[in-house]
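K.L.:
Show me the folded form of this:
(one chain, ligands or ions: 1)
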Amino acid sequence: MLPGSFVERKHSCGRPNCHCADGKILHSQYQISVLVDGKPKAFNIPAELVEKVREKTDMRRRFDDAAAAIRDINLKRLLREKENR
Ligand SMILES: [Zn+2]
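P.N.:
This next block holds a predicted model:
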């Protein structure tokens, strides 16, 4: 798993002869946006690592969702148990 979120940024490179110059087909820069020591940081991801990083941030999100669901269930259980004493 990896922390943070996966983001795709579009940009033009500034070269006048590039396909991006008309502003329609831009370059993609992939980044992972994470908190490091409580501060938001963005790290560029090279194209060959994009799929791996995307999978690992997705996996972390699913893990977090599952953990949140378990916390909710356990809280409800605790409150029910408390009432039934
Ligand atoms: Zn360009």
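K.L.:
From here on, just use CA atoms for contacts and neighbour counts.
P.N.:
Fine.
K.L.:
all helices for this protein, in order.
P.N.:
Along the chain, counting by DSSP state H, helices occupy 50-83.
K.L.:
For it, give me the ranges with low pLDDT.
P.N.:
Across the chain, nothing is flagged by pLDDT under 70.
K.L.:
Near the ion, which residues of it are found?
P.N.:
Applying CA under 5 Å from the ion, we find that the chain lies next to the ion at Cys13, Cys18, Cys20.
K.L.:
burial of the first one, as a residue count?
P.N.:
Pointing back at Cys13 there. By other CA atoms under 10 Å, 12 other residues sit near Cys13.
K.L.:
That one contacts Ile25, correct?
P.N.:
No. Using CA atoms under 8 Å, Cys13 is not in contact with Ile25, being 11.1 Å away.
K.L.:
mind checking how far the closest residue to Met59 other than its chain neighbours is from the ion?
P.N.:
Once flanking residues are discounted, Met59 sits nearest to Met1: 6.0 Å by CA to CA, 6 or more residues apart in numbering. As judged by CA to the ion, to the nearest Å, Met1 and the ion stand 32 Å apart.
K.L.:
what's the distance between stretch 58-72 and the middle of its chain?
P.N.:
Offset of stretch 58-72 from its chain centre (CA atoms, centre = their mean, to the nearest Å): 14 Å.
K.L.:
May I ask you to name the longest strand in this protein?
P.N.:
Ranked by number of residues, the top strand in the chain under DSSP state E is strand 27-36.
K.L.:
Mind listing what's buried along that one?
P.N.:
His27, Tyr30, Gln31, Ile32, Ser33, Val34 (16 or more other CA atoms under 10 Å).
K.L.:
Same question for stretch 46-66.
P.N.:
Buried residues in stretch 46-66 (16+ other CA under 10 Å): Val50, Val53, Arg54, Lys56, Thr57, Asp58, Arg60, Arg61.
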